[in-house]
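# based on what follows, work out the 3D shape:
(one chain, ligands or ions: 1)
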Amino acid sequence: MTQDELKAAVADAAINEITPHLEKDTVLGIGTGSTANLFIDRLGPLRDQFKGAVASSEASAERLQKLGIEVFELNQVGNVPFYIDGADEVNAHLHMIKGGGAALTREKIVAACAKHFICIADGSKYVAQLGHFPLPVEVIPMARSYVARELVKLGAEPVYRQGVVTDNGNHIIDCFNFMIDDPVAMEARINSIVGVVTNGLFAARGADVLLLGKADGVERTALR
Ligand SMILES: O=C(CO)[C@H](O)[C@H](O)COP(=O)(O)O
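So this is what the prediction gives:
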């Protein structure tokens, strides 16, 4: 199976996971990226079975609206029962690196408001140790050089993601060659640097369910 076919399989599996729980007042939290897009596309035909969605990016909001799904501001909604999103890396504890699509801050906010975080990923995203994928850090633009120097002190090789401005008007630094031994501690440590908005480690609040696309089918892991 191709990577795209594996992504489609986990998008299907996520639809099967949430469909029994959809009610007229359900608002879903929706992530960002190519796997999340496949999930959004499958939600379109179900739009009459739930109320709408909160999106973690302008791109996802636009895609949802094009399918006739109402998009709400998170502040209007409060909590969401499910947040469904992809990942750049995920480990056995369902800690993740996210933010390859630069949407990490809004993703983390919507995830924080979700009762269940369902991670959908093709098998290539599963790793024993996080850090093969460069860890994204969203920074206030004027703090970019300072934050980069602090990241060097932590052992990272920071690279400014040229030309990328997040939906929040900020910049992204990617940390290369930065293997992470303790994702919970490192998430908090990087977030303590002045000028950091957040970083792409989703460890303090990892996923609750992982749907991992493999050649022999979708493997489901549930921690909670
Ligand atoms: O965190 C993300 C965007 O900020 C995505 O979830 C992550 O990059 C995975 O993307 P894809 O599904 O395209 O592989």
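
# who are the packing partners of the longest helix along the chain?
Longest helix in the chain, counting residues (DSSP state H): helix 3-18. Other helices and strands packing on helix 3-18, by 3 or more C-beta pairs under 8 Å, 6 or more residues apart in numbering; DSSP states H and E, are helix 34-43, strand 80-85, strand 114-122, strand 209-214, strand 217-222. Where C-beta positions appear, they are placed from N, C-alpha and C, glycine not excepted.

# if we use 6 Å, what do you get?
Packing contacts for helix 3-18, counted by 3 or more C-beta pairs under 6 Å, 6 or more residues apart in numbering; DSSP states H and E, involve helix 34-43, strand 114-122, strand 209-214, strand 217-222.

# quick one: which of those is nearest Asn170?
helix 34-43 (20.7 Å; C-beta to C-beta).

# which of the residues in the closest one are buried?
35-40, 42-43 (16 or more other C-beta atoms under 10 Å).

# ok, which of those residues also contact the ligand?
Thr35 (C-beta under 6 Å from any ligand atom).

# out of the buried residues of helix 34-43, who's nearest Met142?
Nearest to Met142 among these is Ala36, at 30.8 Å by C-beta to C-beta.

# hang on, isn't that closest one packed against Ala87?
No - assessed by C-beta atoms under 6 Å, Ala36 is found out of contact with Ala87, at 10.1 Å.

# so which residues on this structure come close to the ligand?
31-35, 85-88, 98-104, 107.
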